[in-house]
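Engineer: Task: produce atomic coordinates for the following.
(chains A and B)
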Amino acid sequence: MKCSKCDKNAVYSGQGQSYCKSHFLEYFESKVTKTINKYNLIQDCDNVCVATSGGKDSLAVLYMTNLYCKKYNIKCFALAIDEGIAEYRDHTLDDLKIFCEAHNVKLHIVSFKEKFGDTLDNIKDKAINEYNKKPCTVCGIFRRTLLNRTARKLGATKLVTGHNLDDEAQSFMMNTILGNMSHNASLGPITGLSDNDKFIPRVKPLYFMLEKETRLFALLKNFKIEFAECPNINMSFRMTVRDEINTIENKLPGAKNGIVNSFLEILPILKEHYRLKKHNKIFNYCKVCGDACSGEICNSCKLEEELCLHAKS
Amino acid sequence: MKIYIEKDNKFIDIKVSKTKNITGKQLLEELNINPSTIILIKNNEVVLDDEILENDNEIKILSVVSGG
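Structural biologist: Numbering: from 1, shown residues only, chains lettered A, B, ... in the order given. Model (predicted):
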């Protein structure tokens, strides 16, 4: 198949268009930039922190964010969390260090071991066997907390994440299947704006990019990425939902776009509904760490207590 | 035809009849791999799944799924 814009061979085909290498890169960069501008994800006064792991999504979003920030002279740095997952995170962090050096991006790395007292590898057996908690639950709560706390300490005003269209479609379907509709009100291209100054707003420049497009972008840009799948993913519900959505997408191309666009139509209603519901609730700060939370102690501190971990800072 | 499947980190060898062409799409069907989850590489070039594949081609099937 030929490129829709020139006579070169196509490397990508989707949504009725085919692109050669150079037109695909142009399409990708243009679509990400449009997303940033349309949803006002990054502003001139921002100090942008890019949450990154060294995988394809985070390298692509780091590259695009850095490009955008350099163009408009906006401050930008990268932040990685080392959860302590042997034979996985150590590899992606090595790729990340090489990338940041080559692109002149300041990189900060903080670890579970350093901040929560132990690695995920050591924590997970206890979490599964004694507390019936999946490693992804533990990892998710600690990662979110550490990203927010560290970004705030480093003076960030926006936290960029590499979430793509596939991630968003999966999250929406997972929350819907589990009956957690209120969690869907916290999705979208930009979140955490109205909460309070303890939360750094999170933004997703790759929001409308398919996972396949992101991988192809990273490949064509020659980013050094080794295929690495988290050893814990088999235990996650996300993997089941991911596989089902991919099966539907194969039979009905455009299904992922359909899910996310339908979600965006109802997002304002969800936000309004759950904002009204929360209206009479008293807003609390965690008694242990001081972060904002709905109860007396935040989820992260509760988890640390349950798992008998000892945070060092 | 030598095929590298990245997700499983393994090489497989498939013989294709000289008189009967096989497309990327047919190969993926044969291997039970969903095309929306991979990128197909033929002789170090990214190709679409309508590409004709031959015995002396080196094929890579790269996974696009998240690390988790």
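
Engineer: C-alpha from now on. contacts and neighbour counts both.
Structural biologist: Noted.

Engineer: Going along the chain, name the helices of chain B.
Structural biologist: In chain B, the helices defined using DSSP state H lie at B:24-30.

Engineer: same check, this time on chain A
Structural biologist: Using DSSP H, the helices of chain A run over A:21-38, A:56-71, A:89-102, A:112-116, A:120-131, A:135-153, A:165-177, A:181-184, A:211-220, A:237-251, A:255-278, A:299-306.

Engineer: Output the ones you listed as TSV; include the columns mean neighbour count.
Structural biologist: As requested, the helices of chain A are arranged in TSV below (neighbours: other C-alpha atoms under 10 Å in any protein chain shown):
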stretch	mean neighbour count
helix A:21-38	16
helix A:56-71	22
helix A:89-102	17
helix A:112-116	18
helix A:120-131	15
helix A:135-153	18
helix A:165-177	19
helix A:181-184	17
helix A:211-220	22
helix A:237-251	16
helix A:255-278	15
helix A:299-306	16
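
Engineer: Tell me how far the residue of chain A found nearest chain B lies from A:Arg89.
Structural biologist: Closest to chain B within chain A is A:Glu229: 4.1 Å, counting by C-alpha to the nearest C-alpha. Using C-alpha to C-alpha, to the nearest Å, A:Glu229 is found at 10 Å from A:Arg89.

Engineer: Give the closest residue to A:Asp121 in space, chain neighbours not counted.
Structural biologist: A:Ile85 (5.6 Å; C-alpha to C-alpha, 6 or more residues apart in numbering or on different chains).

Engineer: Let me see the backbone angles for the one you found.
Structural biologist: A:Ile85 adopts backbone torsions of phi -120, psi 100, taken as degrees, to the nearest 10.

Engineer: who touches A:Thr52 in this structure?
Structural biologist: A:58-59, A:62, A:78-81, A:161-162 (C-alpha atoms under 8 Å, 6 or more residues apart in numbering or on different chains).

Engineer: so what's the residue lying closest to A:Asp46 once chain neighbours are set aside scoring on pLDDT?
Structural biologist: Counting by C-alpha to C-alpha, 6+ apart, the nearest residue to A:Asp46 once its immediate chain neighbours are dropped is A:Thr157, at 5.6 Å. pLDDT recorded at A:Thr157 is 95.

Engineer: list the contacts for residue 64?
Structural biologist: As the question left the chain open, I've gone with chain A. A:29, A:32.

Engineer: Chain B, not that one
Structural biologist: Contacts of B:Val64 by C-alpha under 8 Å, 6+ apart are A:211-212, A:215, B:37-39.

Engineer: Repeat that for A:Ile297.
Structural biologist: When contacts are counted by C-alpha under 8 Å, 6+ apart, A:Ile297 touches A:285-288.

Engineer: please redo it, this time with the cut-off set to 6 Å
Structural biologist: Going by C-alpha atoms under 6 Å, 6 or more residues apart in numbering or on different chains, A:Ile297 touches A:286-287.
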